[in-house]
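Engineer: output the structure for:
(4 chains)
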2 protein chains.
Amino acid sequence: MAREAGVSIGTVSNVLNGTARVTEATRAKVEMAIGRLGFVRNASAWSLAAGRSSTLGFVIIDLSNSYFLDIARGAEREAGKTGLNLLLANSDLSESKQRTYVDLFVEERVAGILIAANHGSDQRLHKSARGVPVVMVDAPGDHTDVCSVVPDNIHGGYLAAMHLIEHGRRHLLFAGATALVPVRDRLTGVERAVAENPGVVLEVEQTRDVQVEDGRRVGDDVALRRTAERPDGVIAAADLLALGVLQSVLLSSSLRVPEDLALIGYDDNRAAWDSAVPLSTVRQPGEEIGLEAVRLLLEELETGTESHQHRMVTCEPALVVRASTIGQEGAGIASTSLAPR
Amino acid sequence: MAREAGVSIGTVSNVLNGTARVTEATRAKVEMAIGRLGFVRNASAWSLAAGRSSTLGFVIIDLSNSYFLDIARGAEREAGKTGLNLLLANSDLSESKQRTYVDLFVEERVAGILIAANHGSDQRLHKSARGVPVVMVDAPGDHTDVCSVVPDNIHGGYLAAMHLIEHGRRHLLFAGATALVPVRDRLTGVERAVAENPGVVLEVEQTRDVQVEDGRRVGDDVALRRTAERPDGVIAAADLLALGVLQSVLLSSSLRVPEDLALIGYDDNRAAWDSAVPLSTVRQPGEEIGLEAVRLLLEELETGTESHQHRMVTCEPALVVRASTIGQEGAGIASTSLAPR
DNA sequence: TTGTATGCGTTATCAA
DNA sequence: TTGATAACGCATACAA
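Structural biologist: Got it, this is the predicted structure:
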């Protein structure tokens, strides 16, 4: 390579990195040679010599959930600003795969690792990353030894409930699997909103999971009730759940959405965009979470892992108003004027 | 590291790779040191010295499409059998990102690269990969200078049409954007089935795209027709399209699915799993495509890129029968007894 | 401004 | 069975 250009190896390095000043003539010679040989820099050798890497790794628990893909997008964009690339690894809900991929990224000595892991058992995953900075994404719980970014599910639940209440709904039904931490948080927010509004009644219906089929059962239940006992507003803990409610209500009763029953979901999943009645929902701040995660990573990268003070960043969800809670007028993303907490 | 263990650097390498025979005592010493220091092998140095890598790269055009995620799963599983890891890069429909990530993987000197690219402009993307084996995935067209794996869309269309015909449908409507190559192929298969069955009439309705909203328009059209002019079987070029048809027909008419109108989609998208009436569809052989792609890659890896003979592998889709085409009886994956071509 | 030498962490070869 | 040493392709510091 240096031979082809007729210059020294150090000079080549200089034109490649713009380290020192190089004559226009020599630069041209080198660039000629690059084109002729189709030279591509060897990242392995580069990061070995330079002692740093230009890629970040993101271990994602479930890529089929568009929420995590949104996080990846946000992270990718923020990383790009610093010239960093983002590589993804899909752990597909498997803990062993999570370990494998974290290990892989550590072996590759990537600049930093993002982990979106199982809520249950991720507590020590980041410890595998000897020396490589890690940020846990969407990981509830106290983390004093690692940075993390989480969505504010409590405020999200609050937003959903307040929206229904402000539109005159007085009998709310919250449906969801409260065994799941995020669902529990959302319920907490709903309860807070209800507590702030005397006269509003809240009912909670447990579901097994938060899938479409669970929602259908909830919808069937609601559809069968007498008018007096029927809620006029349903908050589903997830969009898929809401989708099931909607299907069941629309097909097995003459109830109208939103006139007889306002319905709001959670997540702003792609799956919910195209429902028969467009679904109001609470949008997860996916891209923002990704962005903040990368920022934390860079922060730790600069200050050095040793003297770095770990912290948790919370991102706020936003209300998305569509047809399932109000009429045609004024659909769109609501102002986020309701401050969290 | 070698110092910590009190042995030589070469010995450490031997116990790590099991290259040469090592005394049980020295092995123990080394393993002690590994545990003590929390040693993790440096992949950069490894692939630099060994001249090969243990990871594959997959540049994916659109991770929000579950089809590509299926391909990734298949590829990951097959790669795992050989001890290779699969890293993902989401190019999000952007050609420049595709280039960026292909370049990145080449720089990293991964063992091989899988590319799922835009149908239009991917024709020379693999040329960027100087020396690194590439397999194009889901890339229609003639590729004499690169291996590729494609689904058999013609046969898929044929399967869908034959299914409706065998269940007594005589007036078929194919809806889709035939500007898209895969859609055109599916239509070709449908036409073939119709040609084989005298008495069956085929109508083609052009759509702008293959999204839910396009499907709604088709559904509205069908719902408004008089009985005599109405098709009794609809083949939608994609599941989202079918979803739109279903929504519109169910909500704006009294037509029953499948009694009055049989409906079949294409892709087996997640989005279609949970529709009000479960959607019959043609399942893309996603995992198989990923598997075959990795096999081609390994093949090229063994024979050497020079003497390698590039080829194209075709994977067969499968009919998935759900409630939208027949009654409750016999739902499930049909036998694939209908041979392609 | 350009060339030269050293080292990054590992494998692989050969000598001990 | 083990130790020493030369690559691998690059950055970097220093000499020319």
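Engineer: which helix runs longest in chain A?
Structural biologist: helix A:286-303 (DSSP state H).
Engineer: which positions within that one qualify as buried?
Structural biologist: Buried residues in helix A:286-303, defined by neighbour count with 16 or more other Cβ atoms under 10 Å in any protein chain shown: A:286-298, A:300-301. C-beta coordinates here come from the backbone N, C-alpha and C atoms, glycine included.
Engineer: CA-only coordinates of the helix or strand hosting A:Val204 in CSV, if you can.
Structural biologist: Using DSSP states H and E, A:Val204 maps to strand A:201-206. Output of strand A:201-206 as CSV, limited to C-alpha atoms (Å, rounded to 0.1, in the frame of the first residue of the first chain):
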residue,chain,number,x,y,z
VAL,A,201,-64.6,5.7,39.4
LEU,A,202,-61.8,3.3,38.6
GLU,A,203,-62.2,-0.4,38.0
VAL,A,204,-59.2,-2.7,37.4
GLU,A,205,-59.5,-5.8,35.2
GLN,A,206,-56.6,-8.3,35.4
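Engineer: give me the sheet partners of it and which way each runs.
Structural biologist: strand A:171-176 (parallel) (DSSP bridges).
Engineer: so which bits of the strand it pairs with are buried?
Structural biologist: So strand A:171-176, judged by 16+ other Cβ under 10 Å, has buried residues A:171-176.
Engineer: quick one: the residue nearest to A:Glu108 when sequence neighbours are not counted and DNA strand C, what's the gap?
Structural biologist: Spatial nearest neighbour of A:Glu108, chain neighbours left out: B:Ala43 (4.5 Å); criterion: Cβ to Cβ, 6 or more residues apart in numbering or on different chains. When distance is defined by Cβ to the nearest atom of the strand, to the nearest Å, B:Ala43 is 8 Å away from DNA strand C.
Engineer: test my guess that B:Ala43 contacts A:Glu107.
Structural biologist: Yes - if you go by Cβ atoms under 8 Å, B:Ala43 and A:Glu107 touch, sitting 4.1 Å apart.
Engineer: tell me which of those two has more neighbours.
Structural biologist: B:Ala43 (23 against 19; other Cβ atoms under 10 Å in any protein chain shown).
Engineer: thinking again about what came up before, from the contact counts, what lies against the longest helix of chain A?
Structural biologist: If you count contacts as 3 or more Cβ pairs under 8 Å, 6 or more residues apart in numbering or on different chains; DSSP states H and E, helix A:286-303 packs onto helix A:66-81, strand A:112-116, strand A:134-137, strand A:147-151, strand A:312-315.
Engineer: now the helices for chain A?
Structural biologist: Using DSSP H, helices in chain A cover A:2-5, A:9-17, A:24-37, A:43-50, A:66-81, A:95-107, A:153-166, A:181-196, A:212-224, A:239-252, A:270-273, A:286-303.
Engineer: looking at those, which has the lowest confidence?
Structural biologist: When those are compared by mean pLDDT, helix A:270-273 comes last with a mean of 79.
Engineer: what residues go with each domain of chain A?
Structural biologist: A:2-41, A:49-151+A:286-316, A:153-284+A:319-335 (automatic domain parsing).
Engineer: so which of the ones you listed is nearest B:Ile61?
Structural biologist: domain A:49-151+A:286-316 (13.3 Å; Cβ to Cβ).
Engineer: about what we covered before: can you redo the domains of chain A as JSON lines with distance to DNA strand C?
Structural biologist: Compiled in JSON lines, the domains of chain A are given as follows (distance: least, Cβ to the nearest atom of the strand, whole Å):
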{"stretch": "domain A:2-41", "distance to DNA strand C": "2"}
{"stretch": "domain A:49-151+A:286-316", "distance to DNA strand C": "4"}
{"stretch": "domain A:153-284+A:319-335", "distance to DNA strand C": "38"}
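Engineer: counting neighbours, what do you get for the nearest residue to A:Gly286 once chain neighbours are set aside?
Structural biologist: Closest residue to A:Gly286 apart from its sequence neighbours, by Cβ to Cβ, 6+ apart: A:Asp70 at 2.8 Å. When neighbours are defined as other Cβ under 10 Å, A:Asp70 has 22 of them.
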